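# give me coordinates for this.
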Amino acid sequence: TRRHASWTAFDRYVVIYAGYTAAGLSGDVWAFDTTTYAWALWHGSATGPGKRLNPTCSNEPGTNRTICFGGTDGDRVDHNEVWAFDNAARTWTLITPASGNAAVPSARRLSRSTV
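Predicted coordinates for the structure are as follows:
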């Protein structure tokens, strides 16, 4: 069972990131292949945004990336970072605001997104 995770769909996959499992807080990325009905662990929590509750993620149209924002870590700290997960390479990249852009959203959790 996984609660407080974020999921998004692209191509033939449903991608799930983070949440709370029986083992505790998770930062894993899992993918469900809707053609083979098989789950695969695409990325552990060692790198990237780490273990989070209630982040929001959406597939970026026209790319092979899942964009994730915010969430709460194990110390109950809310975040406002934007991370991109490359679904092909299965790697995370922190996206920094454009130079000179001082306006960023406040840290949050339980937000929702759609594309």
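
# can you give me the strands for this protein?
Under the criterion DSSP state E, strands of the chain are mapped to 6-10, 13-21, 24-33, 38-43, 56-60, 65-69, 82-86, 91-95.

# which one of the ones you listed is the most hemmed in?
Highest mean neighbour count of the strands of the chain: strand 65-69, a mean of 22 (counted as mean count of other CB atoms under 10 Å). Bear in mind the C-beta positions are built from the backbone N, C-alpha and C, glycine included.

# bridging residues for W92?
F85 (DSSP bridges).

# surely it touches W83?
Yes - counting by CB atoms under 8 Å, W92 sits close enough to W83 to count as a contact (5.5 Å).

# overlap of the contact sets of those two?
48-49 (CB atoms under 8 Å, 6 or more residues apart in numbering).

# closest to A103 out of the strands of the chain?
A103 lies closest, by CB to CB, to one member of the strands of the chain: strand 82-86, at 13.4 Å.

# and the closest one, how far out from the chain middle?
7 Å (CA atoms, centre = their mean, to the nearest Å).

# by contact count, what packs against that strand?
Packed against strand 82-86 by the contact rule (3 or more CB pairs under 8 Å, 6 or more residues apart in numbering; DSSP states H and E) you find strand 65-69, strand 91-95.

# please produce JSON lines containing these, extended by distance to L25 and mean pLDDT.
Formatted as JSON lines, the entries for these read as follows, by distance: least, CB to CB, whole Å; pLDDT from 0 to 100:
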{"stretch": "strand 65-69", "distance to L25": "15", "mean pLDDT": "92"}
{"stretch": "strand 91-95", "distance to L25": "17", "mean pLDDT": "94"}
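
# could these go into TSV alongside distance to A103?
As requested, those are exported to TSV (distance: least, CB to CB, whole Å):
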stretch	distance to A103
strand 65-69	15
strand 91-95	15
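
# go through these and name the closest to T34.
Using CB to CB, these put strand 65-69 closest to T34, at 15.9 Å.

# point out where this protein drops to low pLDDT.
Along the chain, segments meeting pLDDT under 70 span 99-102, 105-115.

# 80 - rerun?
1, 45-46, 97-115 (pLDDT under 80).
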